[in-house]
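Trainee: model the structure of this input:
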Amino acid sequence: RWIKFEEKVEDGGVRWSAPHVPALPLHSLFQLRTCLQKGTMLLDLDALSFKEIIDKALSEQPEEAELRPELRGHLAALLLCQPRHQTTKSLLRLLAELALSPCQGRHSTQPWLLHPECPAAASLSFQLRNQFKKKVPPGAEAAHIAVGEVEFLEKPFTAFIRLRRGVALGSLAEVALPSRFLFILLGPRAKVKAYHEVGRAMAMLLTDELFQRVARQAEHREDIIAGMEAFLDELTVLPPGKWDPSARIPPPSCLPSSHRRTTTHPSDRQLHGDGDTSTAGDRAGLGHPRSGEELERTGRLFGGLLRDIRRKAPWYGSDFSDALHPQCLSAVLYIYLATVTNAITFGGMLGDATANMQGVLENFLGTAFAGSIFCLFSGQPLTILSSTGPVLVFERLLFSFSQDHSLDYLEFRLWIGLWVAFFGVVLVATEASHLVRYFTRFTEEGFCALISLIFIYDSLKKMRSLADAFPINWQYRLDNVTSYSCTCNLSSPAPAPGQVGEGLGGPQVSGHDPSSPPALSLQHPATLAGLSRTQCLAQGGHLLGTSCQYVPDVTLLSFLLFGVTFLSCTAFKRFRSSRYFPAAVRKLVSDFAIILTILASCAIDATLGLETPKLLVPSELKPTNPARGWIIFPFGANPWWVCLASAVPAVLVTILIFMDQQITAVILNRREYKLQKGAGFHLDLLCVSLLMVVTSATGLPWYVSATVISLAHMESLRKESVTSAPGEHPEFLGIREQRLTGLAVFVLMGVSVFMAPVLKHIPMPVLYGVFLHMGVAALNSIQLTDRVRLLLMPAKHQPDLPYLRHVPLRRVHLFTIIQLLCLALLWVIKSTMAAIIFPVMV
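Mentor: Residues are numbered from 1 along each chain as shown. Predicted structure coming up:
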């Protein structure tokens, strides 16, 4: 049988083989052409049953091939026998059918035919029970090919039949599908192998999309022959002796489209008089992915913005209805946890940089508000807003400048934000976003690689800091366990410095070797063993003993959770393409990969019971710094000229916001994501600019598109074809474009303050592992990573990549090395106070 690829019944007659690319002798195609030229051919036949089809095929034979009446009767009786279809059955079901069914209990030398006494109802009931129909693409039709040898024929009987419309032919098909094409080849004995190969050749033709088109539209025999000649023009021949004909070629991961085959067909090139059609097509395919009308200038004020609104408005209702899918629930939970972790990280760093004028709570509330508004009104709602590194650097510089010159930081920042919003509106009005079309792959990959490496570096850095907070007990000796103790002293003063030293993760008697039992025991009359460490310190006591500073190996477990989380996320995401379990199970595990990993890691942590660092979110709605309020007034604390002078740093922030926002938008709107609802570069920039007014007036952080989290959001919403033919890989259909997942993420961010009792059970190493997975996944999504691997591969082991066919390898390596040098320069700039200009450097 064929759907996309060939399957054969194995020798045991029990199961179908793995799907494979059909390979057949070239001579069989020439024999098939002869059969089509000389045999019976009925086009647009009006018939409603298989019997009617056979009767007309036998009665309308060419004169030179006409059969005697008695042979026609024998042939019709043979062709009208009920078929027996091959199906894969469990051993228990097979044994039950062998015992209960006398019809199927007989084994025939022709397993594709039923015995005459078997009722047709058996095949019809088989059609209804056959689960194979799930693999058949919607709208498919069946074609039937019958070949074989018979004793009573002296010369072959051949017929090619096309029905005017698809007709259900009872149990003739393995599944209940309408049928349109039939091919019959029966002949005398001793040539069954040749007949079989001709039948395979016909099947291969009928599974070819271009020949199908010709066969459906053909009006004469010559049209069918011309379609076959076109098929032969595209044929690729494998030389004998250079490969094993019995080997089964596995299906490729992707197939050329029929449109591309048409444009590269030799006859088409001659027809259009252009010998460079394929080259031009390749160049078009390699062209800039954002050359659409979204970035064309209108020449009118706010013309691009109005066009964005008109483009996105018809999709607004579907932006919510398209989110009604279980995959969106998984995306919400995944991106929520990533956003929470990011908000805590940047909130803590903002607090350190601004003396808690902006902290974790302000970052939570700002992310919730700005993200929700952006998801409701932006042009690309799949974007996730967040604080970014360059903005953090600017906040640190601005706070230091304000402190040095006795200026009120939040008021100064308010005026800068207002100027940035004004400049942003000017950029939208003048359609400055059309400059995005000049961003190249070099720029996109450099920016994406830098942000991905920052995610990877920060996750590893956070894990490294755990070793300082929870030191590993390198000096622990199991043999000295009897000498370790810790008591609470409430009466005597604490030992003087130098009298008690650190060792073993806890204090040691000065001058004593920690690897041997202590020489003296510290005894105090008012020591209490029943108090906990917290209770002892609360009552004014101090701790005495050799294990008072002992910390369990929290760092070891944290690194284990970190590694397990990263590897599990990666493995579960790839589980969709695994060979194990049904497709529905694989898809479910892949969609909920991150959530399953986090739940499993939390269960491991809870089972072991060690006090690993947990996710802590603010539990009170009050400013981190009590000296500030929720509304920032524009006048009163600073001189009047500050509102004008703020325009100078605002220009720098505007450039930073514009570049950061638009580079991320460019990456998210690539052609390979197959987005159907269009982009909104001008509308996105307007939303970010207007949000600057609100966040500046309330003292909340500034927000811009977060590249890595936005890419993770899109990857979690990938759509693939549900039904796929045997051997066919699921087809990537695009991204589930909607507004509800992002909106739900930011609403959850806002209520996280009230979810602290639940979130506190999630270990931070688990979230850092998710961060590492996001960074690695984003890094693997760019071509730069593939080209870096090429630097380490010998030429003979390099994969067959499209650009390697057109560009010399040394030029590819030179391009990659220049990118890596620029990336290293950006990393150096990012690590200094000059990090604020790195989007401009990109």
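
Trainee: domains of the protein?
Mentor: Domain assignment for the chain, taken from the TED database, gives 1-80+139-251, 328-470+560-722+730-781, 783-841.

Trainee: need the nearest residue in space to the residue nearest in space to the middle of the chain, chain neighbours excluded.
Mentor: What sits nearest the mean C-alpha location of the chain, by Cα atoms, centre = their mean, is E715, with 3.7 Å. Counting by Cβ to Cβ, 6 or more residues apart in numbering, E715 lies nearest to A777, which is 6.5 Å off, once chain neighbours are set aside. (C-beta placed from N, C-alpha, C; glycine too.)

Trainee: and the strands in this protein?
Mentor: Secondary structure of the chain by DSSP state E: the strands cover 40-45, 142-149, 157-168, 178-187, 385-386, 486-489, 500-503, 506-509, 527-528, 542-545, 704-705, 718-720, 732-735.

Trainee: ok, the residue lying closest to A355 once chain neighbours are set aside - contacts?
Mentor: Excluding its sequence neighbours, the residue lying closest to A355 (Cβ to Cβ, 6+ apart) is N625, at 6.7 Å. Neighbouring residues of N625 by Cβ atoms under 8 Å, 6 or more residues apart in numbering: 355-357, 359.

Trainee: nearest to L48 among the residues you listed?
Mentor: Nearest to L48 out of the contacts of N625 is G359 (Cβ to Cβ; 77.6 Å).

Trainee: report pLDDT for the closest one.
Mentor: Listed pLDDT for G359 reads 79.

Trainee: neighbours of it, how many?
Mentor: Taking other Cβ atoms under 10 Å as the criterion, the count of residues near G359 is 21.

Trainee: contact partners for the nearest residue in space to it that is not next to it in sequence?
Mentor: Nearest residue to G359 in three dimensions, chain neighbours excluded: T624, at 3.0 Å (Cβ to Cβ, 6+ apart). Each residue near T624 by Cβ under 8 Å, 6+ apart is listed here: 351, 356-362.

Trainee: if we use 6 Å, what do you get?
Mentor: Applying Cβ atoms under 6 Å, 6 or more residues apart in numbering to T624 gives the contacts 356, 359, 361.

Trainee: do you know the pLDDT at it?
Mentor: Note on T624: pLDDT of 77.

Trainee: rewinding a little: pick the most buried one from the strands of the chain.
Mentor: With neighbours taken as mean count of other Cβ atoms under 10 Å, the strands of the chain reach their highest mean count in strand 385-386, at a mean of 27.

Trainee: contacts for that strand next, please.
Mentor: Contacts of strand 385-386 (Cβ under 6 Å, 6+ apart): 342, 370-371, 374, 703, 706.

Trainee: stretch 57-73 too?
Mentor: With Cβ under 6 Å, 6+ apart as the test, stretch 57-73 has contacts from 40, 159.

Trainee: centre of the chain versus that stretch, how much separation?
Mentor: Put simply, stretch 57-73 sits 59 Å off its chain's centre (Cα atoms, centre = their mean, to the nearest Å).

Trainee: what are the buried residues along it?
Mentor: Going by neighbour count (16 or more other Cβ atoms under 10 Å), the buried part of stretch 57-73 is 57-58, 61, 67, 71-72.

Trainee: out of those, which is nearest to T388?
Mentor: Relative to T388, the closest of the buried residues of stretch 57-73 is A57; by Cβ to Cβ it sits at 72.1 Å.

Trainee: how far away is that closest one from P251?
Mentor: A57 is 34 Å from P251, where distance means Cβ to Cβ, to the nearest Å.

Trainee: could you tell me which ranges of the stretch 601-750 of the chain sit under the pLDDT cut-off?
Mentor: The stretch 601-750 of the chain contains residues with pLDDT under 70 at 617, 722-724, 727.

Trainee: and if we set it to 80?
Mentor: Scanning the stretch 601-750 of the chain for pLDDT under 80 picks out 609-611, 615-629, 636-638, 721-731.

Trainee: same check, this time on the stretch 301-450 of the chain
Mentor: For the stretch 301-450 of the chain, applying pLDDT under 80 flags the ranges 337, 341-342, 344-353, 355-356, 359-360, 388-394, 396, 438-441, 443-444, 446-448.

Trainee: let's go with 50 and repeat that
Mentor: Applying pLDDT under 50 to the stretch 301-450 of the chain flags no residue at all.
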